[in-house]
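[1] make a model of this:
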Amino acid sequence: MKRNKSLLRIFFSLVVVFFSMWCMTDVVKIVDRSKDSTISTMKKFSRTLMENFERIRAFLFKKKDVGEIFHEITLASDLVKRGNLNRAEEVLSKVVRQFEGDCHLKDLINLRIARIQIALNKVEESMNTLRMIKGESLRCITEELNGDALMKKKSFKKARLSYEESLKFCKIASLKMKIENKISTLFE
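    Numbering: from 1, shown residues only. As a prediction, the model looks like this:
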């Protein structure tokens, strides 16, 4: 029990750091405009960080406790490992409904849902889920999964185009190599 609480605290701390970095745009604006001393800049930075943290926390978790949401994400991961994909999809779909608006964590959960849907041969549903993902930083993975869904649908030409599109957005060498291998293995 203590281990789970410690893991939740560590995970929540990482989420706070992630969202703090996400909010740095506001902080950069403050620092750019500021001609004040370093102490004054740090005070403004801290105040802005706390305001953004509270805003994001309220935005993301209006209906549930943070611990409950992360517990459900962990539960879904365990369900996938045990092969219970239908239940994992159900749990993650429930978690996604807790979010309002667009946010990176919601996009990541939708990516996981789309992967599960592809594994369950729910091709149209997976493509709809992928369309809900707005984050440009995830475009490479989104296009790759779209290609995987199109392959299951036997739309080979569209799948190849989707894989090629994913390469345009791919910044990670190993992921790029994986997609290039898919293209060469499946289409040549």
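
[2] how long is stretch 113-128 end to end?
    When the termini of stretch 113-128 are compared using CA to CA, to the nearest Å, they are 11 Å apart.

[3] go through that stretch and flag the buried ones.
    By neighbour count on 16 or more other CB atoms under 10 Å, the buried set for stretch 113-128 is 113-119, 122-123, 125-127. For the C-beta atoms, the positions are set from N, CA and C on the backbone; glycine is no exception.

[4] quick one: the strands in the chain?
    Assigned by DSSP state E, the chain shows no strands.

[5] so where's it shaky on pLDDT?
    Along the chain, segments meeting pLDDT under 70 span 1-66, 100-102.

[6] all helices for it, in order.
    2-22, 24-33, 38-60, 66-81, 85-96, 104-119, 123-131, 139-152, 156-169, 173-187 (DSSP state H).

[7] tell me what the shortest one is packed against?
    With contacts taken as 3 or more CB pairs under 8 Å, 6 or more residues apart in numbering; DSSP states H and E, helix 123-131 sits against helix 104-119, helix 139-152.

[8] any idea of the angle the longest one forms with helix 139-152?
    In this structure, helix 104-119 runs at an angle of 20 degrees to helix 139-152, with axes from the mean of the first three to the mean of the last three CA atoms, to 10 degrees as the basis.

[9] which elements pack onto helix 104-119?
    helix 2-22, helix 66-81, helix 85-96, helix 123-131, helix 139-152.

[10] one more pass at 10 Å, please.
    With contacts taken as 3 or more CB pairs under 10 Å, 6 or more residues apart in numbering; DSSP states H and E, helix 104-119 sits against helix 2-22, helix 38-60, helix 66-81, helix 85-96, helix 123-131, helix 139-152.

[11] can you redo the helices and strands packed on helix 123-131 as JSON lines with distance to residue 82?
    Listed next are the helices and strands packed on helix 123-131 as JSON lines, based on distance: least, CB to CB, whole Å:
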{"stretch": "helix 104-119", "distance to residue 82": "13"}
{"stretch": "helix 139-152", "distance to residue 82": "22"}
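
[12] residue 92 is nearest to which of the ones you listed?
    Nearest of the helices and strands packed on helix 123-131 to residue 92, taken as CB to CB: helix 104-119 at 4.9 Å.
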